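Colleague: Got a sequence here, can you model it:
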Amino acid sequence: MPFITVKVLEGKTKEQKKELIEKMTDLVSETFEVDKDKVFIFIEDLLKDNYGKQGKQFSELDQ
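Modeller: Below is the predicted model:
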């Protein structure tokens, strides 16, 4: 059973997540030759205040 975790910064729409889950499920099912009901996709929304680069929070970089 494949378990796939996707980490993205907050702000993706429900529709975008739905599409990603559908496409990833198809790809993993085909590639690993497993039934779709055995593929699990987890999406973790990361708060922009909790991550940074170049010494700034991602929430600051959006401005």
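
Colleague: any weak-confidence spans in the protein?
Modeller: Low-confidence segments of the chain (pLDDT under 70): 63.

Colleague: Please, where are all the helices along it?
Modeller: 14-32, 58-61 (DSSP state H).

Colleague: can you list those in JSON lines and add mean neighbour count and distance to Lys38?
Modeller: Quick note: C-beta positions are derived from backbone N, CA and C, even for glycine. As requested, the helices of the chain are exported to JSON lines (neighbours: other CB atoms under 10 Å; distance: least, CB to CB, whole Å):
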{"stretch": "helix 14-32", "mean neighbour count": "13", "distance to Lys38": "8"}
{"stretch": "helix 58-61", "mean neighbour count": "14", "distance to Lys38": "34"}
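
Colleague: Out of those helices, the one nearest Thr5 is which?
Modeller: helix 14-32 (10.8 Å; CB to CB).

Colleague: helices and strands around the closest one, which ones?
Modeller: strand 3-9, strand 40-46 (3 or more CB pairs under 8 Å, 6 or more residues apart in numbering; DSSP states H and E).
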